[in-house]
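Student: The sequence and its predicted three-dimensional model are supplied below.
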Amino acid sequence: MPQELSAQFESAVSNVTVNGKKLENVIAAHTEVRELLENDNLLRGWGVDSILIGSYARHTSRYPGKDVDVFLRFTELSTADDPRSIYDGVERVLEAKYGLREEGGRVTRQARSLNISFPQASDQADLEFSVDAVPAVPFGQNWGIPNRDPDVWSEDPSVRWVETNPIEFATRTNKLSTSPKSPTVGDRNAYCPVVRLLRQIRHVHLGDLKPGGLYIEIAAYYAWNADKVAGSSWAALLSASLNEVAAAFAEAASGGLVDPVLGTPLKPALDRSQWTHAAGVFQALADKSQTALQSDPCKAAKLWREILGTNERGQVLPLPPGCDAAGFAIGGVAGVSSLGSTEARGFALPSHRD
């Protein structure tokens with residue numbers, strides 16, 4: 001019988017989710033930044049209309065969720081406008097409120113955005129985060145954001161603006177994460193929680209190497225949207241997703257990974273060795289997860305803990321009662337304690353919205 005560690009995975013899903021006080025702080029901060037910018041007279045004249053984008057907007061951000069992206073749509077401007085003047089206009093407002101970092105404030109100039117830090121007390125470092133304000137102008141049916149290289153901002157519009165549409169990707173993600181065709185665990189659509197687990201795994205096993213979390217998510221999106229992932233437990237769905245991500249990366253080694261909205265290769269492009277390495281890492285993890293599904297509860301927990309690793313909250317997957325960290329039963333048969341089967345118990349945290 002497959003070993004699914006249901007209660008332990010409920011805890012794991014909660015442990016990789018931004019919730020509680022951290023989520024409250026994030027909502028308050030991005031609301032503050034958005035209201036500040038939308039109330040500025042100059043930016044209002046440019047048609048400023050902000051919206052949350054990125055993994056926070058898609059509910060796929062893994063804990064601790066360090067960055068929140070705010071998309072500043074300037075609906076009255078176009079790619080004929082100079083990114084420098086728009087960037088400077090946004091910076092002026094933020095600098096007046098928060099100050100520049102080089103002058104002891106909280107605003108940092110970045111390649112195409114402005115970052116506002118929201119520090120916390122030293123004993124609450126896991127609650128720290130920042131808000132990235134990204135200016136954008138209409139670009140056909142999509143949006144244009146400034147080129148990462150400010151030196152080309154004075155050149156042709158096709159160079160200084162980069163086409164993107166994170167809003168549409170969020171819309172498609174929401175559709176998938178609420179679709180009745182998507183696998184569920186109990187009464188919950190499983191897509192977003194599984195993506196958060198995948199991002200956690202990427203962080204543990206790839207670290208600073210590419211591909212990054214967005215590429216992992218896009219690979220998972222394609223697999224789930226094509227009905228390639230099936231199952232009714234977190235363990236089974238995560239195992240299947242690991243296998244599909246590995247296959248997508250192996251295929252990307254020869255052709256890259258395509259933007260699900262624009263239909264063009266994702267940038268920055270990765271070289272063949274980066275894709276191949278990531279494919280190998282994820283395939284090994286997928287194989288390990290299959291072994292876990294067929295193992296006794298204690299060994300399965302050990303294998304899954306190796307796959308999921310730790311975050312600022314500690315081990316992502318708790319041990320089942322009666323099991324030690326080495327994968328052995330404590331004073332008895334694996335999977336059984338004096339209180340009965342471990343499969344029905346665990347340390348599940350309170351439920352949360354996905």
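Tutor: Good, I have the coordinates. It should be emphasised that the depicted structure is a prediction, and the values quoted were computed from it without experimental measurement. Numbering: from 1, shown residues only.
Student: just so I have it, where are all the strands in this protein?
Tutor: Using DSSP state E, the strands found in the chain span residues 48-53, 67-74, 107-109, 114-118, 129-139, 142-146, 161-164, 184-185, 188-189, 310-311, 314-315, 336-337, 340-341.
Student: can I get these in TSV with mean neighbour count?
Tutor: C-beta coordinates here come from the backbone N, C-alpha and C atoms, glycine included. Shown next, in TSV, are those (neighbours: other C-beta atoms under 10 Å):
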stretch	mean neighbour count
strand 48-53	20
strand 67-74	21
strand 107-109	18
strand 114-118	20
strand 129-139	22
strand 142-146	21
strand 161-164	20
strand 184-185	17
strand 188-189	18
strand 310-311	15
strand 314-315	12
strand 336-337	17
strand 340-341	12
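Student: Need those in CSV (columns: distance to Asp88 and mean pLDDT).
Tutor: Formatted as CSV, those follow (distance: least, C-beta to C-beta, whole Å; pLDDT from 0 to 100):
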stretch, distance to Asp88, mean pLDDT
strand 48-53, 14, 98
strand 67-74, 13, 97
strand 107-109, 10, 97
strand 114-118, 10, 97
strand 129-139, 10, 97
strand 142-146, 11, 97
strand 161-164, 16, 96
strand 184-185, 48, 97
strand 188-189, 43, 97
strand 310-311, 38, 97
strand 314-315, 44, 98
strand 336-337, 64, 42
strand 340-341, 64, 40
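Student: Redo those strands as CSV? Include distance to Glu38.
Tutor: Listed next are the strands of the chain as CSV, based on distance: least, C-beta to C-beta, whole Å:
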stretch, distance to Glu38
strand 48-53, 6
strand 67-74, 9
strand 107-109, 17
strand 114-118, 15
strand 129-139, 11
strand 142-146, 17
strand 161-164, 21
strand 184-185, 38
strand 188-189, 32
strand 310-311, 34
strand 314-315, 39
strand 336-337, 56
strand 340-341, 55
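Student: Out of the ones you listed, flag the one nearest Ala226.
Tutor: Closest approach to Ala226 among the strands of the chain is made by strand 188-189 (16.5 Å; C-beta to C-beta).
Student: Would you give the sheet partners of the closest one, along with the direction of each?
Tutor: Strand partners for strand 188-189, identified by DSSP bridges, are recorded as strand 184-185 (antiparallel).
Student: Pull the distance from the partner strand to the chain's centre.
Tutor: Offset of strand 184-185 from its chain centre (C-alpha atoms, centre = their mean, to the nearest Å): 20 Å.
Student: residue boundaries of the helices in the stretch 201-350 of the chain?
Tutor: Here the stretch 201-350 of the chain has its helices, by DSSP state H, counting those that start in this stretch, at 213-225, 234-255, 272-293, 297-308.
Student: Report the central residue of this protein.
Tutor: The chain has Ser61 as the residue nearest its centroid, 3.5 Å off, counting by C-alpha atoms, centre = their mean.
Student: Quick check, pLDDT for that one.
Tutor: On pLDDT, Ser61 comes in at 97.
Student: any chance of the helices of the stretch 201-350 of the chain in JSON lines, plus mean neighbour count?
Tutor: Listed next are the helices of the stretch 201-350 of the chain as JSON lines, based on neighbours: other C-beta under 10 Å:
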{"stretch": "helix 213-225", "mean neighbour count": "21"}
{"stretch": "helix 234-255", "mean neighbour count": "21"}
{"stretch": "helix 272-293", "mean neighbour count": "18"}
{"stretch": "helix 297-308", "mean neighbour count": "23"}
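Student: so which of these comes closest to Val159?
Tutor: Per C-beta to C-beta, nearest to Val159 of the helices of the stretch 201-350 of the chain: helix 213-225, 23.3 Å.
Student: Which neighbouring elements make contact with that closest one?
Tutor: The contact analysis (3 or more C-beta pairs under 8 Å, 6 or more residues apart in numbering; DSSP states H and E) places helix 213-225 against helix 54-58, helix 166-178, helix 191-206, helix 234-255.
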